[in-house]
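J.: Got a predicted structure plus its sequence, pasted below:
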2 protein chains.
Amino acid sequence: MALIVKKFGGSSVATPEKIMAVARRVLQEKKPDDKIVVVVSAMGDTTDDLISLAKAVTDQPVAREMDMLLATGEQVSIALLAMAFTKLGHAAVSMTGFQAGITTNEVFNKARITGIDPAKVVTELNAGKIVVIAGFQGLTKAGDITTLGRGGSDTTAVAVAAGLKADHCEIYTDVDGIYSTDPRIVPTARRMKEITHNEMLEMARLGAGVMHPRSVELGKHYGMPIHVRSTFTNESGTFIREEYTMEEKEFVIRGVTHDTNVAKIAVLGVPDRPGIAYKIFSTLADANVDVDMIVQSVRVMDKHIIDMVFTIAQGDVSQARLILEKLAEEMEFSGLLIDENVAKVSVVGAGMLGNPGIAAATFGALADAGINIAVISTSEISISCLIEEDKAKQAVNAIHARFFPA
Amino acid sequence: MALIVKKFGGSSVATPEKIMAVARRVLQEKKPDDKIVVVVSAMGDTTDDLISLAKAVTDQPVAREMDMLLATGEQVSIALLAMAFTKLGHAAVSMTGFQAGITTNEVFNKARITGIDPAKVVTELNAGKIVVIAGFQGLTKAGDITTLGRGGSDTTAVAVAAGLKADHCEIYTDVDGIYSTDPRIVPTARRMKEITHNEMLEMARLGAGVMHPRSVELGKHYGMPIHVRSTFTNESGTFIREEYTMEEKEFVIRGVTHDTNVAKIAVLGVPDRPGIAYKIFSTLADANVDVDMIVQSVRVMDKHIIDMVFTIAQGDVSQARLILEKLAEEMEFSGLLIDENVAKVSVVGAGMLGNPGIAAATFGALADAGINIAVISTSEISISCLIEEDKAKQAVNAIHARFFPA
């Protein structure tokens, strides 16, 4: 007997026919004693359609009412999927977020789950029913309906799995697992059988699109194995786990990622005084601008003058420009350069801790391909290089070929 | 200061533009200190669209899941209407059935309200907000979402008004009040300023279509005045109250109704034995066939033979035929006649209690028009005559002219 939470996204339940297909598939894979919870998103474009309705009423919808509106999308899917299971002869019951005992904080549109009380879910599972739960939504302690924002349904699935102490959580997607890099860019990309939560989190943070970091973080926190697999095949995909189940790891590096949603900012010729970095980065942080790779360098010719280079998301560029131009006079910059034609290429792998040659191999692969590195940053399990944007695909191929030889 | 519950149906909120119009209208009529609750149905054809979705999955949707599905319709309307109020500058908050504290029994698809806990509604009203509540839905004690079936949103409105001890409940419709008869049939029909709950209930039961008997019954039970008025004009409509506020009633008769959804059944030549009526009507009742006007007559030529005539709804005819044909042998009928070409014409008015001439005047009006009466039945506040269906409009005109002279 296994207790498994399965999550299907909006494209998997876009039509009544697809909903029937999901139900059929779940029943095919279910062993007689398995207890199954299915978490679903809203059907296809439902969420966009609801947003359009709201926009037709007001250009500034109240966040609470937007959540009231959007939460109906998943409620439609769960009802239809429960009907589909029943039609196929298996008892099933649908539950909204609040019925499944999902409590969130009060941040409408991007609420965080603060608690799970799975008592009702357990009762229905013990009664032999498949429980179908609305992803992406919860209820505040005050009784308001909330939605969880980006990555919300995956987060619901992992949280429910943790609350139920499920054996594992399955995330069904349109790809068949986690690859060593984006297979659309590198045809020889390898699908991995396993990856650790930490590595997956780092890959997601550095641009791998399959999983939202949020649900992986929750999985890591609760030690919940997450099985990422395809909606369209019955093959096993990739397990995201706390630790590898195999002693030997085939590759030290687990993945190569890239992120083109990056801008490089250079604040040039700042007279060196204590508190410069604090001033720049606290002002940006106050405006919710996330800063990534940071390099501070002292000029060789004049040791009292420094240059500061860092990266931000492209969406934050205009706001950062305003803030920095205001700071320019106070801090006596001599120049401000902003370059959006950059990309961040990263290698990720817990194995690099005991392998000092990884950084050198990465830089070597880029050098051999004739690609300049503007900025380098490292974490315990990753190395990132900022390069020119139009070299990104070439860089990913070069690095991947170095670590995953054919 | 007044506390008013206003209910708008699906056609009044069919589009974002109409939702804005409802919000504008409510704000125009609102005095600064008024506390306003708005109950809304699902937008236009939403409920039908949701039913079609379910039918695409299964031809026998589980009742519980159907309610889970249908309840989303009203949830969409309340969110959009709350946004509309906010857009127009007035604080508002939407509430689903469960958030508004509406508890129902467990009869999915046609649940009955068993309790209202308006604490949250009161809190929001006291905070100066307009509260927008989803009609047609509630929550069972076990936490399942239910819908209320036919007349559900009106019922929600009256129940919420009763729970809040509101001053009155306004039902907005596409007609501008309750008329002395159907104005499409009798152009001289008069709009009434007032009518009692009892009279309205009797009229609704006897075929007047504006209000569902269920919400009127609830209004009667709680002594809640119901103001039936037009969505399209600002004029006052008809107040349904416990008692008239004016001492003098202009007309003894309040309304003339007709109902063509009627079939006449004659069970002929039954040997008279104790328990015949019990046998026939208990067997029909067991099959949920509602029986109306009943006449039992003893034959002049043979006092041991009786004929039994009664009416049922046309939808129950085939079931009643089966049941009665089975009974025929046991009860030794000599004949069974079923006639669907009949109509019931009724006059309703609490004033007829002290006016013995009403019955005579009704029969006189029909006789003068050359219309035969097949069956007569009376209640304390109504007289009904069964006539040929194609004479129904003529009969309504003749009776109306007698009691409401031009």
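T.: Cool, the structure landed. Numbering: from 1, shown residues only, chains lettered A, B, ... in the order given.

J.: So residue A:150 sits against residue A:215, correct?
T.: No - if you go by C-beta atoms under 8 Å, residue A:150 and residue A:215 don't touch, sitting 10.3 Å apart. For every residue, glycine as well, the C-beta is placed using N, CA and C.

J.: who has more neighbours, the two?
T.: residue A:215 (28 against 11; other C-beta atoms under 10 Å in any protein chain shown).

J.: Look at that one and tell me its secondary structure.
T.: Following DSSP: H, G, I helix; E, B strand; the rest coil, we place residue A:215 in the helix state.

J.: and if you look at residue A:60?
T.: Assignment for residue A:60 (three-state DSSP): coil.

J.: check contacts around the residue nearest to it when sequence neighbours are not counted.
T.: Leaving out its chain neighbours, the residue that sits closest to residue A:60 by C-beta to C-beta, 6 or more residues apart in numbering or on different chains is residue B:87, at 7.5 Å. Residue B:87 makes contact with A:57, A:58, A:60, B:20, B:23, according to C-beta atoms under 8 Å, 6 or more residues apart in numbering or on different chains.

J.: For the stretch 251-400 of chain A, which segments count as strands?
T.: A:255-271, A:291-298, A:305-313, A:335-348, A:375-379, A:382-388 (DSSP state E, counting those that start in this stretch).

J.: Just to check, residue A:359 is in contact with residue A:383?
T.: Yes - between residue A:359 and residue A:383 there is a contact at 5.4 Å, judged by C-beta under 8 Å.

J.: list residues touching both of the two?
T.: With C-beta under 8 Å, 6+ apart, residue A:359 and residue A:383 have common neighbours residue A:352.

J.: Out of the strands of the stretch 251-400 of chain A, which gets nearest to chain B?
T.: strand A:305-313 (29.6 Å; C-beta to the nearest C-beta).

J.: So which residues on the stretch 101-250 of chain A come close to chain B?
T.: A:120, A:143, A:144, A:145 (C-beta under 8 Å from any C-beta of the partner chain).

J.: Excluding chain neighbours, what is closest to the second one?
T.: Counting by C-beta to C-beta, 6+ apart, the nearest residue to residue A:143 once its immediate chain neighbours are dropped is residue B:99, at 5.8 Å.

J.: Not counting residues beside it along the chain, what's closest to residue A:130?
T.: Closest to residue A:130 by C-beta to C-beta, 6+ apart is residue A:92, at 4.2 Å.

J.: check contacts around the one you found.
T.: A:81, A:82, A:85, A:86, A:129, A:130, A:131, A:132.

J.: mind pulling up the phi and psi values for it?
T.: phi -150, psi 160 (degrees, to the nearest 10).

J.: Show me how to select, in ChimeraX, the buried members of the residues of the stretch 101-250 of chain A next to chain B.
T.: Selection of buried members from these for ChimeraX, criterion 16 or more other C-beta atoms under 10 Å in any protein chain shown:
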select /A:120,144,145
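
J.: ok, of the residues of the stretch 101-250 of chain A next to chain B, which one's closest to residue A:237?
T.: residue A:120 (30.0 Å; C-beta to C-beta).

J.: The helix or strand where the closest one lies - what's its average pLDDT?
T.: Using DSSP states H and E, residue A:120 falls within helix A:119-126. Mean pLDDT, computed over helix A:119-126, is 97.

J.: Show me what counts as buried in that helix.
T.: A:120, A:121, A:122, A:124, A:125.

J.: Nearest residue to the second one in space, ignoring adjacent ones along the chain?
T.: Going back to what we said before, that points to residue A:121. With C-beta to C-beta, 6+ apart, the residue lying closest to residue A:121 is residue A:131, at 5.2 Å.

J.: And the helix or strand hosting that neighbour, what does it pack against?
T.: Per DSSP H and E: residue A:131 is located in strand A:130-134. If contacts are counted by 3 or more C-beta pairs under 8 Å, 6 or more residues apart in numbering or on different chains; DSSP states H and E, strand A:130-134 sits against strand A:35-40, helix A:63-87, strand A:92-95, helix A:119-126, helix A:152-164.

J.: closest one to residue B:246 among the ones you listed?
T.: Closest among the helices and strands packed on strand A:130-134, using C-beta to C-beta: helix A:63-87, at 43.3 Å.

J.: The closest one to strand A:35-40, inter-axis angle?
T.: Helix A:63-87 and strand A:35-40 meet at an angle of 130 degrees, taking axes from the mean of the first three to the mean of the last three C-alpha atoms, to 10 degrees as the criterion.

J.: Helix A:63-87 versus strand B:130-134: what angle between them?
T.: Going by the same axes, to 10 degrees, helix A:63-87 makes 10 degrees with strand B:130-134.

J.: And the average pLDDT for helix A:63-87 is what?
T.: 98.

J.: quick one, what contacts residue A:145?
T.: Counted by C-beta under 8 Å, 6+ apart, residue A:145 has contacts A:67, A:68, A:71, A:97, A:98, A:137, A:138, A:139, B:96.

J.: Residue A:202: which of those residues is nearest?
T.: Using C-beta to C-beta, the contacts of residue A:145 come closest to residue A:202 at residue A:138, 27.6 Å.

J.: what about the closest one, distance to chain B?
T.: 14 Å (C-beta to the nearest C-beta, to the nearest Å).

J.: With residue A:28 instead?
T.: Residue A:28 is 18 Å from chain B, where distance means C-beta to the nearest C-beta.

J.: Look up the closest residue to that residue, ignoring the ones flanking it.
T.: Distances taken as C-beta to C-beta, 6+ apart put residue A:234 closest to residue A:28, at 7.9 Å, once the chain neighbours are dropped.

J.: And for residue A:241?
T.: Using C-beta to C-beta, 6+ apart and skipping the chain neighbours, the partner closest in space to residue A:241 is residue A:225 (4.8 Å).

J.: Tell me how far that neighbour lies from residue A:195.
T.: Going from residue A:225 to residue A:195 by C-beta to C-beta, to the nearest Å gives 11 Å.

J.: Also residue A:373?
T.: Residue A:373 is 26 Å from residue A:195, by C-beta to C-beta.

J.: between the two, who's got more neighbours?
T.: residue A:195 (27 against 16).

J.: residues touching the more buried one, list them.
T.: Applying C-beta under 8 Å, 6+ apart, we find residue A:195 in contact with A:178, A:203, A:238, A:239, A:240, A:241, A:254, A:255.

J.: hmm, try it at 7 Å
T.: For residue A:195, the contacting residues are A:178, A:238, A:240, A:254, by C-beta atoms under 7 Å, 6 or more residues apart in numbering or on different chains.

J.: neighbours of the first one, just the number please.
T.: When counting by other C-beta under 10 Å, one arrives at 28 neighbours for residue A:178.

J.: With residue A:399 instead?
T.: Number of residues near residue A:399 (other C-beta under 10 Å) recorded here: 29.

J.: Would you confirm that residue A:376 contacts residue A:382?
T.: No - using C-beta atoms under 7 Å, residue A:376 is not in contact with residue A:382; the gap is 11.2 Å.
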